[in-house]
Every structure is written in C-alpha cells, then in structure tokens.
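Trainee: what's the 3D shape of this:
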Amino acid sequence: MIDENSTFGGFLTQIGEAKQSNANALEQPWRITHMLLGDANGTDPVPQHDQTQLINQRHRAAINQLSVDPNNTAILIAELVLPPNVGGWWIRELGLEDEDGDFVAVANCAPSYKPLLAQGSGRNQVVRMHLILSNTANVQLKIDPSVVLATRKYVDEGDRAVRAETQFSTYDADRTYTTGEIVRGSDGMFYEFYDRDQAGQVKGVSPTTAANRPHIWMQWDGVKPGTTIEWRSETLPEGYVENDGSTISRIDYRRIFAALGTTYGAGNGSTTFRMPDDRGEFKRGLDHGRGVDPGRSISTSQLDQMQMIQGTVVADTGSSTHRFFDQSSGALTISGPGHTLSSTVATSSAERNRILNFNSSNSPNARTSATTSGETRSRNNAVIYLTKA
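Mentor: Alright, predicted model coming up:
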C-alpha cells in the first residue's frame with residue numbers, strides 16, 4: 001500500500017547494465033529510444049534488476065527528450081509527453097527500451113491516472129524517469145528522423161539549442177522544420193508541420209497565419225492520422241475530412257490513404273481514392289470471429305432488417321355455430337362486414353367472410369410511422385463522421 005513511507009525510483013536492469021558497460025568499454029554510443037508505461041495490474045510494484053518487461057504494459061512511445069541532471073551528472077532524465085488522446089489508465093511502473101528493443105531500465109512511481117480527452121479532462125502530461133548511471137557520456141537519445149544527444153551542459157545556450165530540436169517547443173521562424181514536427185504557436189495552440197505540398201522542410205512560414213493552413217501547417221490535437229471521430233457541429237475543424245464518400249487525392253491526403261488504402265474505393269486507380277460514406281448510417285463493431293454478425297469484412301455494409309413479428313389466431317367450432325378467428329394476439333386483429341371484431345357466424349349465414357388484419361403498430365410498445373419510411377431504425381442522434389488528415 002502506498003503511504004508516506006513509500007519510496008520510488010529506478011535503475012538499469014541486468015541487461016541495461018551489461019549494455020552500458022559494453023558501450024563504455026568500446027566508447028560507442030548507446031541509444032535509448034522508447035519509454036514504457038504500465039499499471040502493474042493495480043499493485044504497488046517493486047522494481048527488480050532481473051526484470052525483462054513491465055508487469056502490465058499499457059503504453060509504449062518514443063522518448064521526447066533525454067538529458068543529464070544539471071546538479072548531478074550521474075543522473076539521466078528520460079522524458080515522455082503524453083497527448084490528450086492517450087490514456088484511460090493508471091501509471092505505476094516505467095521502463096526504457098534501447099534501439100535493439102531490449103528492456104534496459106525499470107522504475108516505479110506514485111500512482112498517477114492519465115485521463116482521456118473523451119473523459120472531459122484531457123491534457124498533455126509529461127512523464128520523467130530518473131536513472132542513476134555510472135557514466136552518462138555514451139548515452140544518447142535516438143529520434144526518427146533526427147538524433148538528440150543527451151550529453152550536454154545545462155547552460156542557457158545549450159538548453160535553448162536542444163529544446164529547439166524537441167517536440168512541442170515554441171515556433172522559431174529561424175529554424176527549419178521537417179514533416180511531422182509539432183510546435184506551439186504564438187496563440188498558444190499546437191500545430192503540426194503537415195507538408196501537403198511535400199516540400200519536406202519549411203522555414204519562416206508561421207503556423208498561426210491562416211493562409212498557411214492546412215496545406216503546410218495544421219492544428220494538432222493529438223489524434224492519429226486516419227482516425228475517425230464524431231463531430232457535432234456543421235462547422236468542421238481544421239485538419240479533418242468528412243466521411244462523405246468523396247474521391248480525394250492520394251498525394252494531398254497521403255496519411256489517410258496510408259491508413260485506409262483503397263478499402264472504400266480505388267478512385268481513378270492511380271492518383272485518387274474514395275473516402276468511406278458514413279452519412280445517414282449507423283456503426284456496428286466488426287464481428288472479428290465472435291459469431292454475432294459473421295461473414296463480414298471491415299468495409300461491408302448491411303441493409304435494414306426486422307426480426308420476425310408473429311401473432312396467433314384461434315378457430316372454434318361448436319354444435320350449432322362455428323367461430324372463425326375467434327381470438328387473436330400481437331400484430332393480428334379480426335374484423336368483418338357488419339361486426340366489429342365479432343366472429344360468431346352460423347353455418348348457414350351469408351356472412352361467412354371474416355378479415356384477418358396485420359399491422360405491426362398493434363404490437364405491444366410499437367413505435368411506427370404512419371407513412372412508409374423505408375427503414376427500421378433505433379433511437380439515434382445525428383452526427384458528422386470525420387477522418388483525421
């Protein structure tokens with residue numbers, strides 16, 4: 001149980017110690033690439049030197065920054081930024097991976113819940129892991145596409161230089177940005193260098209200038225390209241495309257194309273592809289082997305369909321009279337010429353015709369339209385489905 005006597009910290013695993021010793025002996029760089037986060041299945045974890053994985057890993061992501069403590073050069077600080085759309089779990093254990101995928105460091109921490117944006121409390125959260133090392137000189141941070149060295153001094157000039165190379169820093173008009181980098185604009189908003197024009201680099205083009213969006217920069221909200229979201233306003237947000245079945249460019253929207261491909265249509269077969277058309281449609285989870293809705297692939301659709309509606313009628317015969325359609329239930333009712341629901345007819349009577357009527361609105365708790373609507377539907381709210389570009 002966590003209390004005021006609990007202690008937290010981290011260290012290299014046996015694998016990590018061996019790899020650092022090898023890097024020091026050969027004077028070769030050792031590149032740390034990813035941080036791992038876990039909830040330890042709700043327990044209070046105690047790090048072990050022989051660990052090869054977290055108790056229960058919930059998230060893995062590339063490290064945003066790796067640095068040496070300014071007050072103690074034997075302490076290495078790994079930093080990870082969690083965007084608002086990542087979370088929904090507790091953080092109780094941490095780990096580091098190197099470029100070979102080896103589990104090289106482990107730590108525990110005071111439990112911290114990372115909420116999701118959908119929970120109404122989304123936020124960017126910074127997770128820092130402190131490690132005591134015998135020698136930090138050869139440890140490096142490897143980021144694709146660039147590499148940021150952790151062996152730097154904490155002086156003002158050096159600090160500014162390294163921060164300029166990391167994500168989420170303030171936009172710098174004198175810096176050259178590459179595709180996928182994220183900056184904070186002068187308006188406090190985050191922007192991603194989208195580069196629809198595929199120039200690959202940009203310099204001196206401000207993200208806060210509306211004319212530079214969304215083909216160069218676009219507002220960044222932590223949503224992965226190709227993700228579909230619900231939107232409840234007819235004013236569409238920047239950086240999204242409506243799922244309206246339209247044919248769009250494979251070049252301009254290459255990140256959507258990378259996620260969807262030609263699943264919903266190949267367009268002209270070379271330079272365009274078709275978006276899914278979600279207008280007026282309900283969503284249903286893909287069966288994926290469960291057996292509830294078998295035999296379907298991710299892009300298939302279904303027409304409307306009703307369950308079977310049943311009713312019963314009873315014919316009763318006696319010695320002197322015959323009762324045709326004597327009783328009814330459900331969606332079935334009885335009527336006849338001159339008799340409201342009366343069904344007793346003498347054998348010799350000329351009024352032998354009785355009419356059996358079917359109307360689903362007579363079913364218990366039925367809710368039907370007076371006119372033919374052409375569909376069977378459940379209660380619903382109208383939304384717009386968008387895909388992140």
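Trainee: All the helices of the protein, residue numbers only.
Mentor: Ranges of helices in the chain, per DSSP state H, are 14-26, 156-163, 254-260.
Trainee: list the buried ones in the first one?
Mentor: Neighbour-count burial for helix 14-26 flags Ile15, Gly16, Glu17, Lys19, Gln20, Ala23, Asn24 (criterion: 16 or more other CB atoms under 10 Å). Every C-beta, even on glycine, is put in place using the N, C-alpha and C of the backbone.
Trainee: For the helices of the chain, which has the smallest mean pLDDT value?
Mentor: Per-segment mean pLDDT for the helices of the chain reaches its minimum on helix 156-163, at a mean of 42.
Trainee: and the strand with the most length in the chain, which strands flank it?
Mentor: Under DSSP state E, the strand in the chain containing the largest number of residues is strand 103-114. Applying DSSP bridges to the sheet, strand 103-114 is found paired with strand 10-12 (antiparallel), strand 89-98 (antiparallel).
Trainee: which of these sits most buried?
Mentor: Mean neighbours per residue, mean count of other CB atoms under 10 Å, is largest over those for strand 89-98, with a mean of 23.
Trainee: Can I get the helices of the chain in CSV including distance to Ser233?
Mentor: Listed next are those as CSV, based on distance: least, CB to CB, whole Å:
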stretch, distance to Ser233
helix 14-26, 49
helix 156-163, 36
helix 254-260, 21
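Trainee: wait, which of the strands paired with strand 103-114 is closest to Leu236?
Mentor: Comparing the strands paired with strand 103-114 against Leu236 with CB to CB, the closest turns out to be strand 89-98 (30.9 Å).
Trainee: which residues does the residue nearest to Thr228 when sequence neighbours are not counted form a beta bridge with?
Mentor: In this structure, Thr228 finds its nearest non-sequential neighbour in Thr387, 5.1 Å apart by CB to CB, 6 or more residues apart in numbering. On the basis of DSSP bridges, Thr387 is bridged to Thr228, Val241.
Trainee: what do you get for Ser112?
Mentor: Beta-bridge pairing for Ser112 (DSSP bridges): Ile91.
Trainee: Please report how far it lies from Ile91.
Mentor: 5 Å (CB to CB, to the nearest Å).
Trainee: just to revisit the earlier point, which stretch in the strands paired with strand 103-114 is the model least sure about?
Mentor: strand 10-12 (a mean of 83).
Trainee: Other residues contacting it?
Mentor: Applying CB atoms under 8 Å, 6 or more residues apart in numbering, the contact partners of strand 10-12 are 20, 47, 49, 94, 104-108, 129-133.
Trainee: Could you pull out the strands in the stretch 101-250 of the chain for me?
Mentor: 103-114, 125-132, 139-142, 147-149, 169-170, 176-178, 182-184, 190-193, 201-203, 217-219, 228-231, 240-242, 247-249 (DSSP state E, counting those that start in this stretch).
Trainee: now the second one, how far from the chain's geometric center?
Mentor: So that's strand 125-132. With CA atoms, centre = their mean, to the nearest Å as the basis, strand 125-132 stands 25 Å off its chain's centre.
Trainee: Check the last one too.
Mentor: Relative to its parent chain, strand 247-249 has a centroid offset of 23 Å by CA atoms, centre = their mean.
Trainee: mind listing the strands in the stretch 251-389 of the chain by residue range?
Mentor: Using DSSP E, counting those that start in this stretch, strands in the stretch 251-389 of the chain cover 272-274, 313-317, 321-328, 332-335, 344-346, 355-358, 384-388.
Trainee: Quickly, which of the ones you listed bottoms out on average pLDDT?
Mentor: Mean pLDDT is lowest for strand 344-346 among the strands of the stretch 251-389 of the chain, at a mean of 46.
Trainee: Quickly note the distance from the closest residue to Gly204 other than its chain neighbours to Pro207.
Mentor: Excluding the flanking residues, the one nearest Gly204 by CB to CB, 6+ apart is Ala173, at 5.2 Å. Using CB to CB, Ala173 is found at 10 Å from Pro207.
Trainee: who has more neighbours, those two?
Mentor: Per other CB atoms under 10 Å, whichever of Ala173 and Pro207 has more neighbours is Pro207, with 27 against 8.
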